[in-house]
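Novice: Turn this into a structure:
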Amino acid sequence: MYIKKTRKKYKGRVYTNYLLVEAIPTPKGPRQKVICSLGDLRPRPAEEWLLLVHKVEDALVGQQTIYESRDPEVEKIVRRVRRREQQEKESTEKQQDAHEAQSAADDVVSVRTDGVRTEQHRKAGSIHVGVEFWRRLDLDNILAEAGFDERARKITCAMVMNRLILPKSEHAMPRWFRDTAIGDILGEEVLGCDDDVLYRHLDRLHPERSKIETELSERERNLFNLDETIYLYDITSTYFEGQCKANPKAKRGYSRDKRPDCLQVLVGLVVNRDGFPQAHEVFEGNLQDRKTLDGMLDLLDKRVGLKPGQTVVVDRGMAHKENIEQITSRKLNYIVAARQSERDQFLDAFENEEGFEEVPRQPSPQNPFQKKTPVQVKMVKQGAEQHVLCLSDGRREKDRAIRESQEKKLAEDLQKLAKRIESGKLRKQAKIGEAIGRLKERYPRVARYYTIEYDTGASSFRMERNEEKVAKAERLDGSYLLKTNRADLTAEEAWRIYSMLTRAEKAFRDMKSPLLERPIFHQVERRVETHIFLCILAYHLLIAIEKTLLDKGMNTSWATVREVLGTHEIATVVLPTTDGRELHIRRCSTPEPQHRELYELLGVPQTILAPQKKWFSNGDYRDGKN
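Specialist: As a prediction, the model looks like this:
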């Protein structure tokens, strides 16, 4: 306790009063509580004021003191304090009694049953799960540590929920906010956002992406006890609608989306063996895969801290000599898919059936009823490397179909080119050379089987199929080669680790399909990168949900969970009473058995929203019991 001096001017005179004040903690910080008024203490010497405070404080808590046991002034102050406390207590009790009486009256009402209706139905189940996992991953605190206030954190959460539930552009998101229960769950302030607010929020998120991603990966490792020994790196492309003149990374390149007509960027993603993202980066759209590995390893080291002995798994596009050196120079191990030219050197070993062992393949968690043909593997040591020869009947059929399809298309385009040359529509040697080069670039898998030449002197075009090369390719259908510097692995173990790379591929499929990461409509580089970052955050939630279900024995995808929970809603029940008023109760519907099963497996509360009551009468309302 302490004494606070106040002054008040009345009719030209200044009156001084001293208050006995106590500092009490509140959620918004310490606040002052007035215990009582002491009047004007100036008749008493100022050095005795602190002594008075100690006497009053001891008397109030019932402690004995070394001071005088009976001080009339202290007893007078204590009586005033006790009287004030009693008055406050009685007032509080009356308010509680009135509130309870009103609540009881609200709970028991006479209703006109013919007027009962429901309003403002909003889908809520999938949003409820998404927000619960947002909180479980502690993303709110991560954003707070990055400097975002409460409203900004809610806007970020709402934007990520949109990507997770029903992806829309920033222009269309505000309508989605209004049409779903996101406002009920996060707060009404989210509903006040327009597209300009969301665009500006993308700009604010952009410089904090690295900090958020690093902290999120750390929380996930602790929460799910994730493995840190294997990192899977893959890369994909994502294309734009528009000219993207404000984005220097937007280039034309090899399109995994079969959209060579569009500008694109590349997205590199590292996931761990459980499929959780560890780091991502956005590269220029025409960059070769092999040119991205060194920078991504540097980025991964900053995010998670690489340690000697960890294993990096990459596909054949990053299996060049310099890529291997980039991995081993960091004292890391590697498992990579060798390039086709390296595989071809092992033709005799592939044809020799001795030494192959059969490895059964487990069905995908997303498709547990799909039967997968086994793979045959064999280890061949060559120098300091272990080579794993892999044969797959399922892949043999796929390789043959792709090769025959591409060869047919190449032959048709070569015939068209020959007709253009013969008819004189294409005469210049440089133009003919460019046309031949474009065909080789379009069909690299099969163009190597053909000798394609144009004889300037004879003005003749020649294309000849190399039957020996075709026969060799047929014998190698369904085969692929893995390389590793780990001597502690069997052929089966090396193959199983490499097959985990499909988890990075799954991440890209999920980002492109249920999360609709592309096409991208943003034209500014920073907003493109933040758009992709929001998709990464949504994927963190997606994989956390699927991992939780998988650990409980349920093999299902987020798309299925989202569909099942789509029927769990929040609605307003309107009860018209016999006295002319209406009681509006905002609450969630009773979860059905399939909803309850998912909520129980995910560890999510079955009640989305506590009932909220409001009375309406002649346009006015008063709050009821929440």
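
Novice: can we go C-alpha only for contacts and neighbour counts from here?
Specialist: OK.

Novice: show me the contacts for V56.
Specialist: By CA atoms under 8 Å, 6 or more residues apart in numbering, V56 lies in contact with 74, 77-78.

Novice: The residues you listed into CSV, with extra columns for neighbour count and pLDDT?
Specialist: Formatted as CSV, these follow (neighbours: other CA atoms under 10 Å; pLDDT from 0 to 100):
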residue, neighbour count, pLDDT
V74, 20, 74
I77, 19, 77
V78, 19, 78
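
Novice: Out of these, which is nearest to K613?
Specialist: Distances from K613 to the contacts of V56, taken as CA to CA, are shortest for V78 (43.0 Å).

Novice: wait, is that closest one part of a helix?
Specialist: Yes - with DSSP: H, G, I helix; E, B strand; the rest coil as the criterion, V78 is located in a helix.

Novice: N555 versus that one, what's the distance?
Specialist: Using CA to CA, to the nearest Å, one obtains 69 Å as the distance from V78 to N555.

Novice: And the pLDDT at the spatially most central residue of the chain?
Specialist: The geometric centre of the chain, computed from its C-alpha atoms, lies nearest to L537 (CA atoms, centre = their mean), at 1.8 Å. At L537, the model reports a pLDDT of 95.

Novice: Show me what D455 bridges to in the sheet.
Specialist: According to DSSP bridges, the partner residues bridging D455 are S460.

Novice: Looks like it contacts F461 (just checking).
Specialist: Yes - taking contacts as CA atoms under 8 Å, D455 lies within contact range of F461: 6.3 Å.

Novice: picking that back up, now do the closest residue to the residue nearest to the centre of the chain other than its chain neighbours, the pLDDT please.
Specialist: Closest residue to L537 in three dimensions, ignoring its sequence neighbours and counting by CA to CA, 6 or more residues apart in numbering: V160, at 6.8 Å. Looking at V160, its pLDDT is 96.

Novice: again, but for G437
Specialist: G437 carries a pLDDT value of 85.

Novice: Distance of it relative to E453?
Specialist: Relative to E453, and taking CA to CA, G437 is found at 11 Å.

Novice: same question, S210
Specialist: Plainly put, S210 is 51 Å away from E453 if you go by CA to CA.

Novice: What of L414?
Specialist: Looking at L414 against E453, where the rule is CA to CA, the gap reads 11 Å.

Novice: Spit out the residues that contact these two alike.
Specialist: The contact sets of L414 and E453 overlap at M463 (CA under 8 Å, 6+ apart).

Novice: How far off centre is stretch 141-155?
Specialist: Computed by CA atoms, centre = their mean, to the nearest Å, the separation of stretch 141-155 from the middle of its chain amounts to 15 Å.

Novice: From start to finish, how long is it in a straight line?
Specialist: The first residue of stretch 141-155 is 14 Å away from its last residue (CA to CA).

Novice: Quick check: buried residues in it?
Specialist: 142-143, 146, 148, 152-155 (16 or more other CA atoms under 10 Å).

Novice: List the contacts of it.
Specialist: Stretch 141-155 is contacted by residues 140, 186, 189-190, 198, 201, 208, 211-212, 215-216 when judged by CA under 8 Å, 6+ apart.

Novice: mean confidence for that stretch?
Specialist: Within the predicted structure, the mean pLDDT of stretch 141-155 is 93.

Novice: cool, and stretch 607-614?
Specialist: In this model, stretch 607-614 has an average pLDDT of 91.

Novice: and the nearest residue to R330 once chain neighbours are set aside, what does it touch?
Specialist: Nearest non-adjacent residue to R330, counting by CA to CA, 6+ apart: P308, 7.1 Å away. Contact analysis of P308 by CA under 8 Å, 6+ apart lists 330-332.

Novice: ditto for G317
Specialist: Residues near G317 by CA under 8 Å, 6+ apart: 289-290, 339.

Novice: mind running it again at 6 Å?
Specialist: When the contact criterion is CA atoms under 6 Å, 6 or more residues apart in numbering, the partners of G317 are D289.

Novice: Can I take it that it is in a helix?
Specialist: Yes - with three-state DSSP as the criterion, G317 is assigned to a helix.

Novice: Quick check: the gap between it and A338.
Specialist: G317 sits 9 Å away from A338, taking CA to CA as the criterion.

Novice: who are the neighbours in contact with M318?
Specialist: Contacts for M318 (CA under 6 Å, 6+ apart) come out as R290.

Novice: separation between it and I324?
Specialist: When CA to CA is the yardstick, M318 and I324 sit 8 Å from each other.

Novice: repeat for Q406
Specialist: Relative to I324, and taking CA to CA, Q406 is found at 31 Å.

Novice: ditto for R259
Specialist: Shown here: R259 relative to I324, a distance of 31 Å by CA to CA.

Novice: the more surrounded of these two?
Specialist: Between R259 and I324, I324 has the larger neighbour count (other CA atoms under 10 Å), namely 19 against 16.

Novice: So between S210 and E453, which is more surrounded?
Specialist: A direct count of neighbours by other CA under 10 Å for S210 and E453 places S210 higher, at 18 against 14.

Novice: For stretch 266-274, which outside residues touch it?
Specialist: Residues outside stretch 266-274 that contact it (CA under 6 Å, 6+ apart): 230-237, 277-285.

Novice: C-alpha coordinates for the helix or strand hosting G433, CSV please?
Specialist: G433 is part of helix 429-442, with elements assigned from DSSP states H and E. As requested, C-alpha coordinates have been extracted for helix 429-442 and formatted as CSV (Å, rounded to 0.1, in the frame of the first residue of the first chain):
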residue,chain,number,x,y,z
GLN,A,429,19.6,-23.9,-92.6
ALA,A,430,19.6,-21.9,-89.4
LYS,A,431,15.9,-22.2,-89.1
ILE,A,432,15.9,-25.9,-89.9
GLY,A,433,18.6,-26.4,-87.2
GLU,A,434,16.5,-24.5,-84.7
ALA,A,435,13.5,-26.7,-85.5
ILE,A,436,15.5,-29.9,-85.0
GLY,A,437,16.9,-28.6,-81.7
ARG,A,438,13.4,-27.8,-80.4
LEU,A,439,12.2,-31.4,-81.2
LYS,A,440,15.2,-32.8,-79.3
GLU,A,441,14.5,-30.6,-76.4
ARG,A,442,10.8,-31.5,-76.4
